[in-house]
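Chemist: Sequence isn't available, so here's the structure alone:
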């Protein structure tokens, strides 16, 4: 801004020493000095209200609220995002964008996310970290997304797109990023936990009795000593899982979420002989059998 203070309207040579000076000159100088002080006071107050400060001014509280103003052509170093911890929680958890761009929580049960205060006309992102504890039970510690999360859902591991619910195959710490450019009316999700390829061809696991089948491994092997059970949670679009009976000592019965051979809900897949196997693919929210060797389905 251009300052209104005018030092040139003050006669610094007045009064003149050793002569009779007109009182009007005094009045003119005093008036101009007063006017300039008024300008200075208004301009300093304006700066106090609008300037970005390194520290609080004396007698005030620091509040560098930019009020949605733009910042351009800047080189930034050593910036950080505010973190907010929701603690151990369950039920509806509201993610307030204005509180922090990085928010964490530990699952104490099924969680349903809600979002508020995304910027109305600019792109805003918030990252969520959720910890599934070691006491995890398949199908219990789920994460349900609001209906406004509509973009990127086919790339999220364990997400049932018909219910917008993520089922975690194992305990651990998981991170997701959410973005909206219209105040939260439509939200994109980014799965930060895995390779973007949902097939995982090189990966394999040996599944213990009663343990859930991993969604981060393509091939799951069973070695039974008696009849055993396992579970397979919802996958991601296009994902392939191969289940193999490696050492037979009893039937392996796998409860499969969103089974394509059922009208709705879960189904079972049974491997009841050495070498029995089945290959499944997750298509449009369901697991379908695309290859079978002596497996039975119910």
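Modeler: Thanks, I have the structure now. Bear in mind that the values here come from a model prediction, so they are computed numbers and not experimental data.
Chemist: Can you tell me the centre-most residue of this structure?
Modeler: When Cα atoms, centre = their mean is applied to the chain, the residue found nearest the centroid is residue 127 (2.8 Å).
Chemist: May I ask which helix or strand encompasses that residue?
Modeler: Using DSSP states H and E, the element containing residue 127 is strand 124-132.
Chemist: follow-up on the earlier one: surely the residue nearest to the centre of the chain touches residue 104?
Modeler: No - Residue 127 lies out of contact with residue 104 (Cβ atoms under 8 Å); the separation is 9.2 Å. Every C-beta, even on glycine, is put in place using the N, C-alpha and C of the backbone.
Chemist: For residue 193, see how far away the residue nearest to the centre of the chain is.
Modeler: Note on residue 127: its distance to residue 193, by Cβ to Cβ, to the nearest Å, is 12 Å.
Chemist: Check residue 11 too.
Modeler: Applying Cβ to Cβ, the value for residue 11 to residue 193 is 75 Å.
Chemist: now swap in residue 6 and tell me
Modeler: 64 Å.
Chemist: can you check residue 187 too?
Modeler: Applying Cβ to Cβ to residue 187 and residue 193 gives a distance of 18 Å.
Chemist: Compare the two and say which one has the larger neighbour count.
Modeler: Counted by other Cβ atoms under 10 Å, residue 187 and residue 193 do not tie: residue 187 has more neighbours, with 23 against 15.
Chemist: That one and residue 115 touch, don't they?
Modeler: Yes - using Cβ under 8 Å, residue 187 is in contact with residue 115, at 6.4 Å.
Chemist: what are the bridge partners for the residue nearest to the centre of the chain, then?
Modeler: Counting by DSSP bridges, residue 127 is bridged to residue 102, residue 177.
Chemist: Just the pLDDT for it.
Modeler: As predicted, residue 127 sits at a pLDDT of 97.
Chemist: mind listing the helices for the stretch 101-250 of the chain?
Modeler: Shown for the stretch 101-250 of the chain, no helices are assigned by DSSP state H, counting those that start in this stretch.
Chemist: what about residue 261, neighbour count?
Modeler: Residues lying near residue 261 (other Cβ under 10 Å) number 14.
Chemist: State the three-state secondary structure for it.
Modeler: Per DSSP: H, G, I helix; E, B strand; the rest coil, the local secondary structure of residue 261 is coil.
Chemist: That one is in contact with residue 268, isn't it?
Modeler: No - between residue 261 and residue 268 there is no contact under Cβ under 8 Å: 9.6 Å.
Chemist: which residues do these two both contact?
Modeler: Shared contacts of residue 261 and residue 268 (Cβ atoms under 8 Å, 6 or more residues apart in numbering): residue 297.
Chemist: Find the residue ranges of the stretch 101-250 of the chain scoring beneath the pLDDT cut-off.
Modeler: Applying pLDDT under 70 to the stretch 101-250 of the chain flags the ranges 137-139, 194-202.
Chemist: Isn't residue 184 up against residue 150?
Modeler: No - the pair formed by residue 184 and residue 150 falls short of the contact definition of Cβ under 8 Å, at 11.5 Å.
Chemist: how about stretch 280-289: buried residues?
Modeler: 280-282, 285-287, 289 (16 or more other Cβ atoms under 10 Å).
Chemist: no, scratch that, I was asking about stretch 237-257
Modeler: 237, 239-245, 248, 251-257.
Chemist: Just flag the most distant two among these.
Modeler: 237 and 248 (32.8 Å; Cβ to Cβ).
Chemist: Next, show the common contact partners of residue 127 and residue 193.
Modeler: Common neighbours of residue 127 and residue 193 (criterion: Cβ under 8 Å, 6+ apart): 175-176.
Chemist: Give me the buried positions along stretch 255-272.
Modeler: So, applying 16+ other Cβ under 10 Å, buried residues of stretch 255-272: 255-260, 267, 269-272.
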